[in-house]
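A.B. asks: below is the sequence, then the predicted model.
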Amino acid sequence: MEPVSAKAVWQLWSAVRERGPLVQCITNYVAMDISANVLLAAGASPAMAHALDEVEDFVGISSALLVNMGTLSADWVAAMKLAAGRAAAKGTPWVLDPVGCGATPYRTAACLAMLRLRPAVVRGNASEILALAGAAGNVKGVDSTASSHEALDAAKAVAKANGCVVAVSGATDLITDGERVIGVSNGVELLTLITAAGCSVTALIGAFLAVAPEGAVMEATAAALAVFGLAGEKGLAAAPRKGPGSLRVGLLDYLHLMGEGDVLSGVNVRELEA
Amino acid sequence: MEPVSAKAVWQLWSAVRERGPLVQCITNYVAMDISANVLLAAGASPAMAHALDEVEDFVGISSALLVNMGTLSADWVAAMKLAAGRAAAKGTPWVLDPVGCGATPYRTAACLAMLRLRPAVVRGNASEILALAGAAGNVKGVDSTASSHEALDAAKAVAKANGCVVAVSGATDLITDGERVIGVSNGVELLTLITAAGCSVTALIGAFLAVAPEGAVMEATAAALAVFGLAGEKGLAAAPRKGPGSLRVGLLDYLHLMGEGDVLSGVNVRELEA
Amino acid sequence: MEPVSAKAVWQLWSAVRERGPLVQCITNYVAMDISANVLLAAGASPAMAHALDEVEDFVGISSALLVNMGTLSADWVAAMKLAAGRAAAKGTPWVLDPVGCGATPYRTAACLAMLRLRPAVVRGNASEILALAGAAGNVKGVDSTASSHEALDAAKAVAKANGCVVAVSGATDLITDGERVIGVSNGVELLTLITAAGCSVTALIGAFLAVAPEGAVMEATAAALAVFGLAGEKGLAAAPRKGPGSLRVGLLDYLHLMGEGDVLSGVNVRELEA
């Protein structure tokens, strides 16, 4: 595959739709509904399972794992660790969404503990990635107060130190493995007014990782962000009212309805640094 | 009432709308929002309560109980057992949704333990019912990989062995008490891309059981499935875009807006075996 | 500011949109999605956090706190108490939504325990407020069976005894501090068919409290109720189908799209007793 082209995005998405990979999600209560609906609309299959008694077994039948730190509690963190450990052992790609990292010491410590369990991808907003890097993240709840570009050095540092890919969401999403940087400029500002939109795109990254060829983690991550952002663009363009309620409906519709032509003409991905 | 006619469906639904039965739901996190909204739109009243300290008291004021095994954990299973036991003792009908049965040993065991507590109705997809019957269910997460007809013998076996009605969702929903079989052919394929749509129809079965006359468990189950499926048909037909976001909006609208004429002309229920 | 005028409502809402206050929500599972979306659409910032290990730290960075008793369990009640205690100590306004108060002894006791921790505002339906006042609340699940006016005396009693403002939702919302009464007549009946709509307006009250000037708790509460109700009116008026699915979409759209003209011409607030 050619890296970071619209064509590569389409190839990866086609594979998601053909194979319908099962993505196990240990995610926050707010994100569950939209994340499951995003996965279904895009052609994947969600499984929400977090019980200590079965998380490892669920990893055994899943093609990817999402761990999202949104609505933490002690039991859930234990389940997250079990699941991520099993995924790493089995070679199943897993994605970390460090929601609200930096907001409280407990949360930051929990995110760092998960980072040590070797996720394939970490996706967060600029503040979360800055906090994760130990930089002075000015985190206000779970929304970002910094731009993605301000967090690029932090993202590179986290990626290098942990051997993973880091994606920073923003007007332009930045994806890096510590060396290369891919930029994705799809999406609309109004998506930030839909709760857990970011969480749901992290789940979608899991679906793309599940079908990605060896060595294409950055491309798969960029593809998921591009497809999601493009569905937001089309959903907003088609909405008679430009509000977040209509956008959410349109987002889910277009994740299901978009085809090759939409992706080839609408996806905006490019290599920024190599 | 005449069994399994569109007229009987309308009579039962009218009773739901007149009485607004309180349906206690111990259900999974993903299903809570859509299940509560489905119950409200259809004329019933939801109560989501699962605390060990109050589940039994809630059964005391409810007209039906739903137990859904989606996002299990040890505490919740304990509450489910307490609630189902109280419902059985009090003569309150309760419905079991064995989500993901067969996916993990823990989940299968929990579903079987609930089945022993005498639900009035069990509703699942073909894989779940096959797993529940001890057959070789090929369960992929919580979505079915078998058709409803492939699970009919399993459904009959579960129904007979447990003295309950079993409903298997599919292109045609099949409802059986082990002898009779009712088929419901309402609904649209796209409903499978709305997360927890199946869970929410199980909650709706609870509402119909709450108002059903003695001995009409199969008819009430069929009526709930038919009304739900018909609302999906109308929601999709009226949607300018045929996507899952628009379908969810339309489903809820038509559960509220449909009337006698819609039901009499649109419901597709029939006796298949007697 | 002039109390209870449409102009005052607009001033308060403008402050919410300018400052984007962080509202920490310890709320029920059913309400999380819609509450977060309502806060975002209206210009505030939600944070859902309930872990015992971090609730107090979250209060430290939040401008208001919501405690909603919907899907109680022992752990959560402990976290609610910690958070409310910290808010009271820090002078952060917090709002109590006593969902289903009166339905079970456990729930009623938990609501009363929270009431003692000095919320700035309590918002419930008539049955909940009657139960909270120790009056004979005929609570059917979490929906009200009494009108707001029937609960006015109970609301005044709770307000006086606890030094707080009490809001009773209904066709006309009533807000009282035990002496004054403000009435808000925005909203549409169909909002009662959207699950957790009431819970989400309680969250919105938190956002308005966060920006309200000293001594304007009643006005801020009325403003939140008016803005929410008006968005419901506009959402329903604009909907091609008058169903709860469409209304929810329209509600979120108009919370984002309404401007000064809409508020000044559409808000219906007035002093009823002084």
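C.D. replies: Yep, that arrived. Quick caveat: nothing in here was measured; it's all calculated off a predicted structure.
A.B. asks: next, see if the helix or strand containing residue A:23 gets close to chain C.
C.D. replies: Using DSSP states H and E, residue A:23 sits in strand A:22-26. No: judged by C-beta under 8 Å from any C-beta of the partner chain, strand A:22-26 makes no contact with chain C; its nearest approach is 14.8 Å. Where C-beta positions appear, they are placed from N, C-alpha and C, glycine not excepted.
A.B. asks: show me how far that strand is from its chain's centre.
C.D. replies: Strand A:22-26 has its C-alpha centroid displaced from the chain centroid by 12 Å (C-alpha atoms, centre = their mean, to the nearest Å).
A.B. asks: can you name every helix or strand that it contacts?
C.D. replies: Contacts defined by 3 or more C-beta pairs under 8 Å, 6 or more residues apart in numbering or on different chains; DSSP states H and E place strand A:22-26 against helix A:32-42, strand A:45-48, helix A:55-61, strand A:64-68, helix A:74-90, helix A:197-211.
A.B. asks: if we use 10 Å, what do you get?
C.D. replies: helix A:32-42, strand A:45-48, helix A:55-61, strand A:64-68, helix A:74-90, strand A:94-97, helix A:197-211 (3 or more C-beta pairs under 10 Å, 6 or more residues apart in numbering or on different chains; DSSP states H and E).
A.B. asks: these two touch, right, residue A:37 and residue A:251?
C.D. replies: Yes: checked against C-beta atoms under 10 Å, the pair residue A:37 and residue A:251 is within contact range at 9.2 Å.
A.B. asks: so which of these two has more stuff around it?
C.D. replies: residue A:251 (31 against 26; other C-beta atoms under 10 Å in any protein chain shown).
A.B. asks: so how many other residues sit close to residue A:179?
C.D. replies: The burial count for residue A:179: 11, using other C-beta under 10 Å.
A.B. asks: tell me if it really is in a helix.
C.D. replies: No: counting by DSSP: H, G, I helix; E, B strand; the rest coil, residue A:179 falls outside a helix, being coil.
A.B. asks: rewinding a little: the strand holding residue A:23 vs strand A:64-68, what angle?
C.D. replies: 20 degrees (axes from the mean of the first three to the mean of the last three C-alpha atoms, to 10 degrees).
A.B. asks: same question for strand A:22-26, mean pLDDT?
C.D. replies: What strand A:22-26 shows for mean pLDDT is 98.
A.B. asks: now the angle from that strand to helix A:32-42?
C.D. replies: 170 degrees.
A.B. asks: strand A:22-26 pairs with which strands?
C.D. replies: strand A:45-48 (parallel), strand A:64-68 (parallel) (DSSP bridges).
A.B. asks: for chain A, which helix is longest?
C.D. replies: The helix that spans the most residues within chain A, counting by DSSP state H, is helix A:217-238.
A.B. asks: give the buried residues for the very next helix or strand once past that one.
C.D. replies: Downstream of helix A:217-238, the first helix or strand assigned by DSSP H and E is helix A:244-257. By 16 or more other C-beta atoms under 10 Å in any protein chain shown, the buried positions in helix A:244-257 come out as A:244-257.
A.B. asks: and stretch A:171-188, by the same measure?
C.D. replies: For stretch A:171-188, burial by neighbour count (16+ other C-beta under 10 Å) applies to A:172-178, A:180-184, A:186-188.
A.B. asks: keep only those of those residues that are in strands.
C.D. replies: Assigned to strands by DSSP state E, the following of these qualify: A:173, A:174, A:175, A:176, A:181, A:182, A:183, A:184.
A.B. asks: biggest separation within those, which pair?
C.D. replies: By the measure C-beta to C-beta, A:176 and A:184 form the most distant pair in those, at 11.9 Å.
A.B. asks: residues shared between the contacts of these two?
C.D. replies: Common contact partners of residue A:176 and residue A:184 (C-beta atoms under 10 Å, 6 or more residues apart in numbering or on different chains): A:167, A:221.
A.B. asks: which one is residue A:25 nearest to, not counting chain neighbours?
C.D. replies: Nearest in space to residue A:25, with sequence neighbours left out and distances taken as C-beta to C-beta, 6 or more residues apart in numbering or on different chains, is residue A:66 at 4.6 Å.
A.B. asks: same check, this time on residue A:112
C.D. replies: Per C-beta to C-beta, 6+ apart, closest to residue A:112 is residue A:132, 7.1 Å.
A.B. asks: what's the burial count for the one you found?
C.D. replies: The burial count assigned to residue A:132 is 27, neighbours taken as other C-beta under 10 Å.
A.B. asks: which bits of the stretch 101-250 of chain A sit near chain C?
C.D. replies: By C-beta under 10 Å from any C-beta of the partner chain, the residues of the stretch 101-250 of chain A that approach chain C are A:103-110, A:139-143, A:190, A:192-197, A:239-249.
A.B. asks: contact partners for the residue positioned nearest the centre of chain A?
C.D. replies: With distances taken as C-alpha atoms, centre = their mean, residue A:202 lies nearest the centre of chain A, 1.8 Å away. If a contact means C-beta under 10 Å, 6+ apart, then residue A:202 has A:25, A:27, A:31, A:35, A:38, A:66-68, A:95-99, A:121-124, A:167, A:169, A:196, A:221, A:224-225, A:228 as its contacts.
A.B. asks: perfect, I'm done here.
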